[in-house]
Structures are given as structure tokens and as C-alpha cells.
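Participant: Based on what follows, work out the 3D shape:
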Amino acid sequence: MATAGKQISKKRKFVSDGVFYAELNELLMRELAEEGYSGVEVRVTPQRTEVIIRATRTKNVLGEKQRRIRELTAVVQKRFGFEEGAVELFAERVANRGLCAIAQAESLRYKLLGGLAVRRACYGVLRFIMESGARGCEIIVSGKLRAQRAKAMKFKDGYMIKTGFHTTYYVDEATHHVLLRQGVLGLKVQIMLPHDPTGRTGPKTAQPDVVRVIEPKEEEVPAQPVGYGVNA
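Facilitator: Alright, predicted model coming up:
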């Protein structure tokens, strides 16, 4: 950020980094909503700051002849006070959008804005997530759904953990807001990722309470019993 060259305390550095990430995430979420924006990662190197934008449609993020990514780079550079060439934006394609909570929350948002019924839209997203290989999913929609009285609807499927340390990397969570004519709806999508030893579709670390039973090896049974003192 602009404060990278200044001497500031660690507390202020963490706060400024958090504010930078939050504001950048909000900007990209609004700008790249239709391109399937799925999150951002900031890497700070001694030479420059790299911003990796994850999206389902990277071609639209880059734009024709990479025009759009250059425009976004210029906006970020001016807003946060970076020097020329000190910040660079990259686009990275999401491998499995069905296991990305932000992408699915955005998909649900567009379905609701299109006038689809809440129950039908949620069950459609829920089925797509489970077919993509998720272990479990939960969708919560709250607000004025039909009548004037606000309420919350919860849609669940599969297995979902709620507490413990493993929720930090096994559960992908996203919250979105939909501005409808009758008011604002809140969307919350939680996806329980599957265990993947390679780390591509899910976390490498296995859950400590999941017991894996190893099948016994098949023993070779001799054709006829062999004993001591018996001629072969």
C-alpha cells in the first residue's frame, strides 16, 4: 500500500493491510460480479505488490487485448497511492466453481434478481454444489421473502461441521446482499469441501475424527498343508 515505505507500528500495519484488502475486495466484487468473481489474493514482494483475481471467466476479466485489466490496475494504483509499476493485477481461473462459495452466492443473487422464486433458486444452487463434489452445503436467505414480515429460510444437504479448528479450511463461506423492490435480502452460502490429498479441490489435511479402516491383506493359502516330517 502507500504506507509500505513509511515506518509505522505493527498494529497500524495490520490495520492498514486489512482495510486495503477489504476495500479492494469490495471494488472487485462490484466491478467483476458478472465475470464470476471468486476472491482476491494480495502478495507483497520487495519489487512490487501482486494482486491475483480469482474468477470463473478470466477472459472477460482481462478484456479485449488486456484492456480491462490495465484499467483496473490504473484504478487501484491511483486509489491506494502506488507508484508507477509498483502494483500488478493478474487473473486466475477457478478450477471448480461449484466448490466456490462466492461464485455460488453471486449465482444465487442473479437468479433472485431475475425474478426466480427463492425456494426454486436455492434448491437449484444446492443441487449444483452437491453435484460438484461437495461434502455438504447450507444456504440461508433472510429478509422479506413474500409477506411484509421478514423471516429466514435455511436449505441444507450433506455433512457440515460448525465448530472446531477445521472449519477454517474445510468450510468455504460467503455473504451477499440482494437489493430487491420489497427490500434487501441477505444470502449466506456455506460449502463443506471434500478432503483432497493433492490440495486441488479441497484441503490436504484430513479431519482428525475421520477414521480410515485399512483392509487386511489377502494371505496366500497353500494348495496342500505342509508340515514337519511330511514328504513333499
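
Participant: how far does whichever helix or strand Ser142 is part of sit from the chain's center?
Facilitator: Using DSSP states H and E, Ser142 maps to strand 136-143. Distance, stretch centre to chain centre, for strand 136-143: 15 Å (C-alpha atoms, centre = their mean, to the nearest Å).

Participant: Pull out the buried residues from the very next helix or strand once past that strand.
Facilitator: Counting by DSSP H and E, the next helix or strand C-terminal to strand 136-143 is strand 151-158. Buried residues in strand 151-158, counted by 16 or more other C-beta atoms under 10 Å: Phe155, Asp157. Heads up, the C-betas are built off the backbone N, CA and C, glycines and all.

Participant: What average pLDDT does whichever helix or strand comes after strand 151-158 get?
Facilitator: Scanning forward in sequence from strand 151-158 by DSSP H and E, the next helix or strand is helix 167-170. If you average the pLDDT over helix 167-170, you get 90.

Participant: The helix or strand hosting Lys188 packs against which elements?
Facilitator: Using DSSP H and E, Lys188 sits within strand 184-192. On a contact count with 3 or more C-beta pairs under 8 Å, 6 or more residues apart in numbering; DSSP states H and E, strand 184-192 meets helix 101-113, strand 136-143, strand 171-179.

Participant: possible to save these as JSON lines with mean neighbour count and distance to Thr205?
Facilitator: Converted to JSON lines, those look like this (neighbours: other C-beta atoms under 10 Å; distance: least, C-beta to C-beta, whole Å):
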{"stretch": "helix 101-113", "mean neighbour count": "21", "distance to Thr205": "19"}
{"stretch": "strand 136-143", "mean neighbour count": "20", "distance to Thr205": "18"}
{"stretch": "strand 171-179", "mean neighbour count": "16", "distance to Thr205": "14"}
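
Participant: Can I get these in a markdown table including distance to Tyr37?
Facilitator: Output for the helices and strands packed on strand 184-192, formatted as a markdown table (distance: least, C-beta to C-beta, whole Å):
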| stretch | distance to Tyr37 |
| --- | --- |
| helix 101-113 | 7 |
| strand 136-143 | 19 |
| strand 171-179 | 11 |
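
Participant: closest to Lys151 out of these?
Facilitator: Distance to Lys151, taken as C-beta to C-beta, is lowest for strand 136-143 among the helices and strands packed on strand 184-192, at 7.2 Å.
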